[in-house]
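# Pasting a predicted model and its sequence here:
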There are 2 protein chains.
Amino acid sequence: MARSATTSDVFNAVAEPRRRQILELLAPRERSVNDVARLLCLAQPTASKHLKVLKEVGLVSVREDGPHRLYSLNGGALKSIYDWAGQFEALWTARFARMDELLEELKAQERDSEGGEK
Amino acid sequence: MARSATTSDVFNAVAEPRRRQILELLAPRERSVNDVARLLCLAQPTASKHLKVLKEVGLVSVREDGPHRLYSLNGGALKSIYDWAGQFEALWTARFARMDELLEELKAQERDSEGGEK
DNA sequence: TTGACGTATTCCCATATGGGAATATGATGG
DNA sequence: CCATCATATTCCCATATGGGAATACGTCAA
């Protein structure tokens, strides 16, 4: 089997740096395909393809405006990533460092009491 | 060019569902390769390979314990993902919905005043 | 209808898998 | 040194790209 498709889920779609750039570019406001291509120095087909992937996983929406297609960010789709990473927040938070100290103190106490009892 | 390597950065490493499972498994405590393989129903070489990728991007650390290798989660490496997704938080937060309402109200006021002045 | 502009799609290729199978490497107890 | 258990590495293959080039579509104006 090969790697899973970039369209399989939000995590795969966002693994590509160019696509993350596109999302950041769309955060302030919607953009046409050419805008995206020009601002990120991408060939138009390349921009189109990336936008297609982002659309398929629900990260962006399209709106037709005459001959243009305006893509806008669907930020909510990123919440799943935020939440997933957030479940590990304790591991880098200062609060956890403090908790770590407490655990060390507890271990130290146990060692002391054991020594005293024997 | 092909897709970028899974070892190129944390985003690519985490794009693989199995690797996310491994990280979740290691969150509570360190585990040996066989533990990981058994608990996630993976072949031992498969587990080894995924752990190697995770190690190369700094998501896990290894500790030698006799014949065993104990892998532990290096949660801090996930902060970059959390922070990246977090910059879009306003787009799915209730607070934003409220801000959206405010903007609508402002627009409505503008329309009203324009009509009144003319 | 035709021309022009904005987008999407199709082809093709080099690249990087993820997993299974087989095998090499490492550490430990006898 | 040998047998055993735990891991890592190597091969091989099917699959899915990401990007460049060429091309098909779609919309709009004249």
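Looks like it came in fine.
# what sits against residue A:65?
Residues counted as contacts of residue A:65 (CB atoms under 8 Å, 6 or more residues apart in numbering or on different chains) are residue A:32. C-betas here are computed from N, CA, C, even on glycine.
# helix or strand for the most centrally placed residue in chain A, which one?
For chain A, residue A:81 is the residue whose C-alpha lies nearest the centre (CA atoms, centre = their mean; 4.9 Å). The secondary structure element spanning residue A:81 is helix A:79-86 (assigned by DSSP states H and E).
# From DNA strand D, how far off is residue A:50?
According to CB to the nearest atom of the strand, to the nearest Å, residue A:50 stands 6 Å off from DNA strand D.
# Sorry, slip of the keys, the one I care about is residue A:22.
Counting by CB to the nearest atom of the strand, the gap from residue A:22 to DNA strand D is 10 Å.
# Between helix B:79-86 and whatever helix or strand that residue lives in, find me the angle.
Taking DSSP H and E as the criterion, the element that holds residue A:22 is helix A:17-26. Following axes from the mean of the first three to the mean of the last three CA atoms, to 10 degrees, one obtains 40 degrees for the angle between helix A:17-26 and helix B:79-86.
# hmm, helix A:17-26 in reach of DNA strand C?
No: in this structure, helix A:17-26 remains apart from DNA strand C according to CB under 7 Å from any atom of the strand; the gap is never smaller than 11.8 Å.
# still on that earlier bit, elements contacting the helix holding residue A:81?
Applying 3 or more CB pairs under 8 Å, 6 or more residues apart in numbering or on different chains; DSSP states H and E, we find helix A:79-86 packed against helix A:10-14, helix B:79-86.
# Name the residues that touch the longest one?
Going back to what we said before, that points to helix B:79-86. A:20, A:78-79, A:81-82, A:85-86, A:88-89, A:92, B:10-11, B:14.
# Show me which residues of chain A are close to chain B?
Along chain A, the residues adjacent to chain B under the rule CB under 8 Å from any CB of the partner chain are A:3-4, A:6, A:9, A:11-12, A:14-17, A:20, A:23-24, A:27, A:73-76, A:78-79, A:81-82, A:84-92.
# Could you tell me which of those residues count as buried?
Buried members of the residues of chain A next to chain B, scored by 16 or more other CB atoms under 10 Å in any protein chain shown, are A:6, A:9, A:11-12, A:14-16, A:20, A:23, A:73-75, A:78-79, A:81-82, A:84-85, A:88, A:91-92.
# give me the residue from chain A nearest DNA strand D.
The minimum distance from chain A to DNA strand D, using CB to the nearest atom of the strand, falls at residue A:2 (2.4 Å).
# Pretty sure residue A:74 is one of the things residue A:30 touches, is it not?
No: between residue A:30 and residue A:74 there is no contact, the gap being 11.0 Å when judged by CB atoms under 8 Å.
# hang on, residue A:64 in a strand?
Yes: with DSSP: H, G, I helix; E, B strand; the rest coil as the criterion, residue A:64 is assigned to a strand.
# Model confidence score at it, please.
Predicted confidence (pLDDT) for residue A:64: 94.
# Bridge partners for it, pull those for me.
Applying DSSP bridges to residue A:64 yields these beta-bridge partners: residue A:69.
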